[in-house]
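Asks: no sequence on this one, just coordinates:
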């Protein structure tokens, strides 16, 4: 902590920046803004002779003071010219089409040249009334009617000053136009109340105080999060990568402090700086903004002028919320920096963190964003929405979500610290020399030193290849309109992007593709048990997917996509064809990749549980739709357990295929041959959809869970070991079959 | 005491692949003795010392400090060792006093013991002028003094020096060597790595000559020279390295000053 307190970069961000820079910036902003605001707009007006005399727009060569708001006289300079486009001076006798009357047909280059010649920012051309042919008259050569005179404002969107000029003149012209209308109607002796019917007014109910609160509740969470991230950035790099670079880390590691203590100590140090940076920067920015707003508001009563003081409740909520935010950003910054060898490398690793955080922050500025269970578990976003609700005083809306928000943030903190500890234990990370990296060298080494099964790095590589291949294939192929095209495309993506990369990597990168893909052992009892598990657990996953859709409702795009797929499935020749394409092929391809190659790689971790969880997350992440990903992750855990405990891929394929098949059958509205026999299924009389009856399905799910837990608890089955060791394969005597026998004869299992 | 048996360390490197840094290394060091790990650069000295300091884990073999295994109980081992690393590893933005105090706290010394121990060490190494000097303002000699004081703050029975005189001027180097001798006289067990033969001749009771991760010769200084028929350890060192294919015949003995 003392070391960091004396670091100039840290002190600059924490203290110098807020206390010195913002006030200076604020003062400069006021000066600069005043300088810019004084510039008047020059407007070129032509065709004044066509203006009505009853309500004059001009007085001499200038705008009549009646149409000007206070201050407008100084801000608008008019250039009235007699030189006008040809159509103004001499209205053609030839009638024009109605649509042509709406827009001018002037050459923009000529108008731009005129603007440049006069030094004007915008042009206003008054157009005389033209004979007009209505659309139906144009074809049969009917008698033209006389159109109305029109005003054309020409702006140059590439020039900001032109936009400002057009806005100013537009407001003035509208005031004048209202007066013209009123005058015309008065001449026609039309009473005001007959034409000014149902005038509409929007009345403000919120007190000025509430308006201020609403504005601050959007600004403050953003500043808080932004500065917590900035404040964590440099200390995290310096305290991890910097210490490695300077060699001080080695001495800390040889002290009695254990790795976890070092990691937590560093986290608390970084979090202190992160929160201090956020508090000081927020305080300084708030006061500077208020000062600037008040100064600017004195001149014009705009939005900024109404900013005022932030609500006092901020003093309570911000210090409370700052703790999880600072801890979160400190932890993730440390996690990135712990992997780096030098400060420079650390900075490179931390840049993506900013890129990821930005959308999470911006999500809260979307008007539709509000705190609910779905948004509460999104790190950063959930907390920002919570803080917003607290500042606005909507306690009953947001307080129920305090627990999920904090849990999601703290889970990320815990995961990051675990990663940091892992890095502190990794010699490869701590004492990496500056490695020379060459693709050729790397490939040669990989081939020379391949083990029986893949490494963790190779498993991750396979996952990334699958992810990228799926991404590019899905985007490069158009959605087919026919069932055949859909079937071919689905199978092609599964083969090309999922199965082939995994098989190729297993063949090239491992000595035993059969062991890697878990193909060298098969017991039919394992297959039968996997099938029973798939049927028993399916209701649970169906309910999970329904619950996920309640928390995170499907977007319009997703609903439309589902409709398209539904229409395509309706064209399928039979249910069997759908099952082949959507159940069997995905099961085969995805199991080869995720339970075959990827899980085998992760099985190098000491804990089988970690291997199952990580491979399940990979499986979930490979599903493009978020709602699907959550369910896929849960299914991935079950499949991982089956793969590890049976040591074979076939039971996983069977489980996966049955799971998918049941999902397809239940989603299908066509009556199934077997549904009458199964009391667990019931068909909704209203929409005809098929679902599980609660009672029987619950019993089924409980039985399935018990079976799964028993399977997992049989730890002797497969140790999570170095894959190159022969013990990677489950012990021959301890298969699912053996475990079933153990249920009948417990003494055998104990032996 | 230090007890090392069949210690092997293999690094996996992206570019060089499998690199054997230590290959079946065994040695012992008793209390009141200085063991010199002698070898050219890249011989595996630092790797061996880092394993003893529990910073690295061996691929195979065992190492025990005062009967405690470095892999099984690294936390316990760290309480019995003081480690002076190859670079002085001084925090640029901490003063000498703060640095030594930090490590005293990490070793769990109570306030009064820590203060007494710090006063003793600052007097012992004549560092009272350095108390408030920041690490960035110190010379290499000053840094090495602080580094040694830091390693001795908890009065460990075993002290590990990794090239303790590297980069020091002759006066400071002499002072460091004197300190190591005094520690030996206090009954501490000291491992000292170097490639400077004058230092080895002056300090070491036991010598282990190491090259390419293998021990070429190990034993008491006199026994070794007698066994190989040399009068000086320098000649033995040169002969062993030449026969191990490390130095060309025309080159002088590795680093002998």
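Replies: Sure thing, it's come through. Remember, predicted model here, so these are calculated numbers, not experimental data.
Asks: Flag every residue of chain B that's near chain A.
Replies: Counting by CB under 8 Å from any CB of the partner chain, the residues of chain B close to chain A are B:11-15, B:17-18, B:50, B:53-57, B:75, B:78-79, B:81, B:83, B:85-94, B:98, B:103, B:106-108, B:134, B:147, B:150. Quick note: C-beta positions are derived from backbone N, CA and C, even for glycine.
Asks: Give me the buried entries from those.
Replies: When these are checked for burial by 16 or more other CB atoms under 10 Å in any protein chain shown, the buried set is B:11, B:50, B:53-56, B:78-79, B:81, B:83, B:85-94, B:98, B:103, B:106-107, B:134, B:147, B:150.
Asks: could you pull out the helices for chain B?
Replies: Counting by DSSP state H, the segments of chain B that form helices are B:45-52, B:74-80, B:96-106, B:111-124, B:140-152, B:170-185, B:197-203, B:221-228, B:233-243.
Asks: how about TSV for these, with mean pLDDT added?
Replies: As requested, the helices of chain B are exported to TSV (pLDDT from 0 to 100):
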stretch	mean pLDDT
helix B:45-52	89
helix B:74-80	89
helix B:96-106	90
helix B:111-124	90
helix B:140-152	87
helix B:170-185	85
helix B:197-203	81
helix B:221-228	77
helix B:233-243	74
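Asks: what would those look like in TSV with distance to residue A:619?
Replies: Putting the helices of chain B into TSV (distance: least, CB to CB, whole Å) gives the following:
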stretch	distance to residue A:619
helix B:45-52	40
helix B:74-80	36
helix B:96-106	43
helix B:111-124	53
helix B:140-152	49
helix B:170-185	58
helix B:197-203	59
helix B:221-228	62
helix B:233-243	56
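Asks: how about the ones you listed, which one is nearest residue A:159?
Replies: helix B:96-106 (60.4 Å; CB to CB).
Asks: Based on its surroundings, how many neighbours for residue 232?
Replies: Picked chain A for this. 31 (other CB atoms under 10 Å in any protein chain shown).
Asks: actually it's chain B I care about, not the one you picked
Replies: Using other CB under 10 Å, residue B:232 has 14 other residues around it.
Asks: and it, how far is that from chain A?
Replies: Separation of residue B:232 from chain A (CB to the nearest CB, to the nearest Å): 34 Å.
Asks: now residue B:117
Replies: Note on residue B:117: its distance to chain A, by CB to the nearest CB, is 15 Å.
Asks: Now do stretch B:226-235: everything it contacts.
Replies: B:197, B:200-201, B:207, B:217, B:219, B:221, B:224-225, B:236, B:239-240, B:253, B:256 (CB atoms under 8 Å, 6 or more residues apart in numbering or on different chains).
Asks: That stretch: which residues count as buried?
Replies: Of the residues in stretch B:226-235, those buried (16+ other CB under 10 Å) are B:233-235.
Asks: again with stretch A:250-270
Replies: So for stretch A:250-270, counting by 16+ other CB under 10 Å, buried means A:250-257, A:259, A:262-263, A:266-267, A:269-270.
Asks: try stretch A:273-280
Replies: Under the neighbour-count criterion of 16+ other CB under 10 Å, stretch A:273-280 has A:273-280 buried.
Asks: Next one: it, is it in contact with chain B?
Replies: No. Contact of stretch A:273-280 with chain B (CB under 8 Å from any CB) is absent, the minimum separation being 13.8 Å.
Asks: Show residues contacting that stretch.
Replies: Stretch A:273-280 is contacted by residues A:4, A:10, A:13-15, A:18-19, A:223-224, A:227-232, A:235, A:318-319, A:322-323, A:325-326, A:329-330 when judged by CB under 8 Å, 6+ apart.
Asks: if we go to 7 Å?
Replies: Here stretch A:273-280 makes contact (CB atoms under 7 Å, 6 or more residues apart in numbering or on different chains) with A:4, A:10, A:13-15, A:18, A:224, A:227-228, A:230-232, A:235, A:322, A:326, A:329-330.
Asks: Considering only the residues you listed, which also neighbour chain B?
Replies: Counting by CB under 7 Å from any CB of the partner chain, the subset of the contacts of stretch A:273-280 that neighbours chain B is empty.
Asks: Keep only those of those that are in helices.
Replies: A:4, A:10, A:224, A:227-228, A:230-232, A:235, A:322, A:326, A:329-330.
Asks: Tell me, please, the helix or strand in chain A that averages the lowest pLDDT.
Replies: The weakest-scoring helix or strand in chain A, judged by mean pLDDT, DSSP states H and E, is helix A:746-750 (a mean of 39).
Asks: that older thread, right, so the helices of chain B: which one is the most enclosed?
Replies: Greatest average neighbour count among these goes to helix B:45-52 (a mean of 25), per mean count of other CB atoms under 10 Å in any protein chain shown.
Asks: ok now it, how far from the chain's centre?
Replies: 8 Å (CA atoms, centre = their mean, to the nearest Å).
Asks: now the helices for the stretch 251-400 of chain A?
Replies: A:259-299, A:314-338, A:343-362, A:373-376, A:381-392, A:395-398 (DSSP state H, counting those that start in this stretch).
Asks: picking up where we left off before, strands - which of the buried ones among the residues of chain B next to chain A land there?
Replies: Counting by DSSP state E, those place B:11, B:81, B:83 in strands.
Asks: what's the distance between the residue of the stretch 101-250 of chain B found nearest chain A and residue B:151?
Replies: Proximity of the stretch 101-250 of chain B to chain A (CB to the nearest CB) peaks at residue B:106, 4.3 Å away. Distance, residue B:106 to residue B:151, by CB to CB, to the nearest Å: 12 Å.
Asks: Touching both of those two, which residues are there?
Replies: Overlap of the contact sets of residue B:106 and residue B:151 (by CB under 7 Å, 6+ apart) is empty.
Asks: I'd like to know how many residues surround residue A:478.
Replies: Residue A:478 has 8 neighbouring residues, counting by other CB under 10 Å.
Asks: That one belongs to a strand?
Replies: No. Counting by DSSP: H, G, I helix; E, B strand; the rest coil, residue A:478 is not part of a strand but coil.
Asks: Among the buried residues of stretch A:273-280, which one lies nearest to residue A:587?
Replies: Among those, and counting by CB to CB, the member closest to residue A:587 is residue A:274, at 46.4 Å.
Asks: And the pLDDT for that closest one?
Replies: At residue A:274, the model reports a pLDDT of 92.
Asks: Report how many residues lie close to the nearest residue to residue A:292 once chain neighbours are set aside.
Replies: Nearest non-adjacent residue to residue A:292, counting by CB to CB, 6 or more residues apart in numbering or on different chains: residue A:26, 4.6 Å away. Look at residue A:26: counted by other CB under 10 Å, it has 20 neighbours.
Asks: element containing residue A:26?
Replies: helix A:22-37 (DSSP states H and E).
Asks: now the buried residues of stretch A:273-280 in TSV, with distance to residue A:240?
Replies: Shown next, in TSV, are those (distance: CB to CB, whole Å):
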residue	distance to residue A:240
A:273	13
A:274	14
A:275	19
A:276	19
A:277	18
A:278	21
A:279	24
A:280	24
